[in-house]
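[1] the following block contains a protein sequence and its predicted model.
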Amino acid sequence: MEYLLQVKIAALFGLLLLTLLIGFIPARVKWFRDTNGTDTHRTVLSLISCFAGGVFLAACLLDIIPDYLTDISEELASRQVQTSFPLPEFIMAAGFFTVLVLERLVLHCRERRAPPGEREPLLHGVHSHGGGGPEGPELENSIQHVHMDLQAHSPFRSFMLFFSLSLHSVFEGLAIGLQNTDSKVLEICIAILVHKSIIVFSLSVKLVQSGVRSGWVAAYLGVFALMSPLGIALGVAVMEAQLSSGGLVRAVLEGLAAGTFLYITFMEILPHELNSPGRQLLKLLFLLLGFGVMAGLTFVG
């Protein structure tokens, strides 16, 4: 077995086991079941998420997008495809909008089926500071911004959130499975692990506080943990099939994965953390730290 394939398989099982381990911490520790989250608790998760945003930003801009643009250009040149239309960029945009459309469809279905009391955003964005809204400490307390609303106690909303987040994980795994060097596999695996750790941790807190039965919590976490390995397996299958059009397929999937990375970074992590009040300079520091760590790895490697 090739060393690259061994690294990908190790990344597959590593992501699976570590995601399950981190996800079951809130489900098994009493502190998470008895509290809605202290300021310290939310601050720590927020800083970790900012660090993950920097990691993802660097992985996308310094690794995935350059590699994808090189691969797609080579494939188009080998097939003598010449066009003034920015096809490589369009493929990335397609990956971005694929995830966006899928999530909006999930939210639309939830709004149509949910009772009126549950028709609130799953993921908080920027809150209005206009008249009639909370101000000062009340505004800060009203924004639970660790990727999800920790105060929305609804098993239905928890399921929809779980479904939306699972869609991301498949595309994240694709980015690992489609790589052709072991160093890239490890770098992207680190980025995904940092991001998915905070996501599965927060999702587990959400499930526990929504009153979901322990059996269903385990099922949710198990399925969610399998999503990235599933994406890795799909990417490996495309690489190993060695089809005549395999290079083009791989390049297109790389572009879709790059678009997904852009979505996660610019539509999820950065807006939710940087647009929320409090500790702005500290959040910026952790964002730059995450970017700097990945930039350093890229420079050394």
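    Looks like it came in fine.

[2] in which helix or strand would I find residue 193?
    Under the criterion DSSP states H and E, the helix or strand holding residue 193 is helix 182-209.

[3] which elements pack onto that helix?
    helix 3-28, helix 30-34, helix 39-58, helix 155-177, helix 214-241, helix 280-300 (3 or more Cβ pairs under 8 Å, 6 or more residues apart in numbering; DSSP states H and E). Heads up, the C-betas are built off the backbone N, CA and C, glycines and all.

[4] for residue 67, which of those is the nearest?
    Residue 67 lies closest to helix 155-177 among those, at 10.0 Å (Cβ to Cβ).

[5] now that closest one: average pLDDT?
    Helix 155-177 shows a mean pLDDT of 69.

[6] please pull up the helix or strand immediately following the helix or strand containing residue 66.
    Residue 66 belongs to helix 65-78 when assigned by DSSP H and E. Once helix 65-78 ends, the next helix or strand along the chain (criterion: DSSP H and E) is helix 87-113.

[7] and that following helix with helix 65-78, angle?
    Angle of helix 87-113 versus helix 65-78, following axes from the mean of the first three to the mean of the last three Cα atoms, to 10 degrees, is 120 degrees.

[8] and helix 87-113, how far out from the chain's middle?
    14 Å (Cα atoms, centre = their mean, to the nearest Å).

[9] report the buried residues of it.
    88, 91, 92, 95, 96, 98, 99, 103, 106, 107, 110 (16 or more other Cβ atoms under 10 Å).

[10] distance of residue 300 relative to residue 294?
    Distance of residue 300 to residue 294, given as Cβ to Cβ, to the nearest Å: 11 Å.

[11] in terms of neighbours, single out the busier of those two.
    Set residue 300 next to residue 294 and count neighbours by other Cβ atoms under 10 Å: residue 294 wins out with 25 against 7.

[12] which residues sit in contact with that one?
    Residues near residue 294 by Cβ atoms under 8 Å, 6 or more residues apart in numbering: 54, 55, 58, 59, 62, 63, 187, 190, 191.

[13] what's the local residue count around the closest residue to the fourth one other than its chain neighbours?
    With sequence-adjacent residues excluded and distances taken as Cβ to Cβ, 6 or more residues apart in numbering, residue 59 is closest to residue 191, at 4.1 Å. Residue neighbour count, defined by other Cβ under 10 Å, stands at 29 for residue 191.

[14] now do the same contact list for residue 191.
    Going by Cβ under 8 Å, 6+ apart, residue 191 touches 52, 55, 56, 58, 59, 294.

[15] and of these, the nearest to residue 207?
    residue 52 (20.4 Å).

[16] separation between that closest one and residue 295?
    Distance of residue 52 to residue 295, given as Cβ to Cβ: 15 Å.

[17] ok, those two, which is more surrounded?
    The residue with more neighbours, out of residue 52 and residue 295, is residue 52; 26 against 18, by other Cβ under 10 Å.

[18] surely that one meets residue 198?
    Yes - using Cβ atoms under 8 Å, residue 52 is in contact with residue 198, at 5.7 Å.
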